[in-house]
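From the sequence below, what's the structure:
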Amino acid sequence: MKSSQELRNTLRQIDRKSYPAYKQLKGVYRFEGFLLGIDHVQGDPFAAPSRVSVQVAGAQAGFDGALFDTREKKIALEDYLLREFGRRLKDFSFQAKGSGKSGLMSVSRPGQEVLERTACQINRDSGDIILRLEIGFPANGRTVNSRELEKILFDFLPVCVKKSLFYRALDEEKVRRTVELAEDQTWLREQLRQQELVAFVANGSILPRESGVSSRPMKGAVPFRSPEEMEITLELPHHGRIQGMAIRKGITMIVGGGYHGKSTLLKALELGVYNHIAGDGREFVVTDETAMKLRAEDGRSVKQVDISLFINNLPNGKDTKKFVTEDASGSTSQAANVVEAMEAGSRVFLIDEDTSATNFMIRDELMQRVVHQEVEPITPFTLRVKELYEQYGISTVLVAGSSGSYFHVADSIVQMNQYEPVEITALAKKEAEAFPLPLQSTEPVPEPDFQRAFRSDRKFGADGRVKLKTFGMDGISVNRDNIDLRYVEQLADSEQLTALAQLMKYMRMQVFDGKRTLQQAVEATVQILQKKGWEGIFGGSSLPGNLAMPRPQEIFACVNRWRELG
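Predicted coordinates for the structure are as follows:
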């Protein structure tokens, strides 16, 4: 470890030299109140920015251990500190001048969800804080401009650190409320299990978002209000009494006219698997953490998936117990998505009629009269949804706007009317009596076979280097193998996709051996993350600051969409 003065001396020595002279700076330097790590130096001013880390000892940071003594509280505090640091940092980005990315100062910018990130981490034992950011080392053309970098490291960065990573510099009340909110949200999730619920939506929640490209709450939106028949009252540890709509285990149907809020409610439930920041409007909208949004996904590849629960006796004789295709139809893709979600351990399915394959979801009486069951290979979801709950314990929340077939099998039916929910179960059931479903013989099938395993036959380069890319929220690339993730709709942040790319690289090199089942492979990877953190994935390499933790369900989903995996 070197002193900050040694860093200053080196900066002055390399000024106006060729850009690679910056490589000399790699190392750790002691500043007043923190350690500065220069972990990776960019190759030229137009390349990806240099990676820098700041570490503050727990004793100096001054945060009470009670603020981060559980995983949920720790993640909430890390998220708060990261947002505070980012707020300070944006005032200094590009204040130092030069060519290319010179003067860039950037850090992860969280959205409305609170995610576990590598950008800011707190050691639960010591209270040490490490924050990772990127800095564009300044240059004139491709010549070192270390005078501008000296401004960044000695003037700009210390201000951001001292105003955002030390307890005494922060609003103590806001810090306390942030951690208490995390405790309340954790307690609420525990209530889902204890009270046999799949989701809870608090009265007063703001569900509509600002726009299609903004996840902030819509101004002037109608606050959510639970129907009396579904309303429960809970006593949160800090917030106190709260009332809201309880969605119980079983089959829940959400109906209503177009633009009345059905899909808005479902979207809130989809993202209810994550905690949300104060002021988001969905702070107390929580969903079973294993819930999976399912949809049709025309054109996706399917590998060795047992879809016989829904599809059998295909005219071409194709095996549906080990179904394989490079170009799935709407029905086969949705069948595969359902079975893969079962494989991933999902206890709740979230489905929107608008994004589903019609022939997978229903077969009305007229169609059954014209096209007899004997020649139809698809067993529609209407005939399996009860079995999924009764035999496998999997609940379903379904949005429907045009088909009433599910009225017969739903346990609870909610109508959205101008964004206000109304409980109509008895009414809908009575009306459904006039439209009896035709009898269909469906034999219960055994639990799908989850014994499929992948082997990594294709090797990476001889030097072990793997090229990874993230394409926003659309997908990732692993050594030019593209994985399309556009329809994995519960991914909330592009940094989760970046993390998935790293996990795919790790699993391909370390886990996929042709012997472990996919369930065992994902479980082994998740255990490494739980026991060793990202250090267990990266080994001795320094961690990047642009990873956000995905759920195990999204790890499964990513593997399932990797076309080139053997």
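
For the protein, name the helix or strand with the lowest mean pLDDT.
Counting by mean pLDDT, DSSP states H and E, the chain has its least confident helix or strand at helix 365-370, which shows a mean of 56.

What residues sit buried inside stretch 344-353?
Buried residues in stretch 344-353, defined by neighbour count with 16 or more other CB atoms under 10 Å: 344, 346-353. Glycine gets a C-beta too; all of them are placed from N, C-alpha and C.

what do you get for stretch 235-255?
Residues 236, 239, 242, 244-255 are the ones in stretch 235-255 that count as buried (16+ other CB under 10 Å).

Stretch 315-332 now?
Neighbour-count burial for stretch 315-332 flags 320, 323, 325, 328-332 (criterion: 16+ other CB under 10 Å).

That stretch spans what distance, first to last residue?
One end of stretch 315-332 sits 14 Å from the other (CA to CA, to the nearest Å).

Show residues contacting it.
296-308, 310-312, 314, 336, 356-360, 377-378, 449, 452, 563 (CB atoms under 8 Å, 6 or more residues apart in numbering).

what mean pLDDT would you report for that stretch?
The average pLDDT within stretch 315-332 is 91.

Now find how far off-centre it is within its chain.
29 Å (CA atoms, centre = their mean, to the nearest Å).

Tell me which residue is most central in the protein.
residue 491 (3.7 Å; CA atoms, centre = their mean).

so it touches residue 485, yeah?
Yes. Look at residue 491 against residue 485 with CB atoms under 8 Å: they come within range, at 6.4 Å.

residues shared between the contacts of the two?
Both residue 491 and residue 485 are contacted by 473, 497, under the criterion CB under 8 Å, 6+ apart.

what about the helices in the stretch 51-200 of the chain?
Counting by DSSP state H, counting those that start in this stretch, the stretch 51-200 of the chain has helices at residues 58-61, 71-89, 146-151, 157-164, 172-194.

so where's the stretch 251-400 of the chain shaky on pLDDT?
For the stretch 251-400 of the chain, the stretches flagged by pLDDT under 70 are 364-376.

Spell out the residue ranges of the strands in it.
Taking DSSP state E, counting those that start in this stretch, the strands of the stretch 251-400 of the chain run over residues 251-256, 275-276, 285-287, 292-294, 302-305, 323-325, 348-352, 395-399.

between those, which gets nearest to residue 515?
For those, the distance to residue 515 is smallest for strand 302-305, at 14.7 Å, taking CB to CB.

Which positions within the closest one qualify as buried?
Result for strand 302-305 [16+ other CB under 10 Å]: buried residues 302-303, 305.

if we can go back for a sec, please convert the buried members of the contacts of stretch 315-332 into PyMOL selection syntax.
Buried residues among the contacts of stretch 315-332 (16+ other CB under 10 Å), as a PyMOL selection:
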select buried, resi 296+297+300+301+302+303+305+306+307+308+310+311+336+356+357+359+360+378
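
doesn't residue 416 make contact with residue 255?
Yes. Using CB under 8 Å, residue 255 is in contact with residue 416, at 7.4 Å.

Overlap of the contact sets of those two?
Contacts common to residue 255 and residue 416, judged by CB under 8 Å, 6+ apart, are residue 262.

tell me which of the buried residues of stretch 344-353 is nearest to residue 101?
Checking the buried residues of stretch 344-353 against residue 101 with CB to CB, the nearest one is residue 344 at 39.0 Å.

Skipping adjacent residues, who's closest to the closest one in space?
Using CB to CB, 6 or more residues apart in numbering and skipping residues adjacent in sequence, the residue nearest residue 344 is residue 556, 3.9 Å away.

Is the one you found located within a helix, as I assumed?
Yes. Residue state for residue 556 (DSSP: H, G, I helix; E, B strand; the rest coil) corresponds to a helix.
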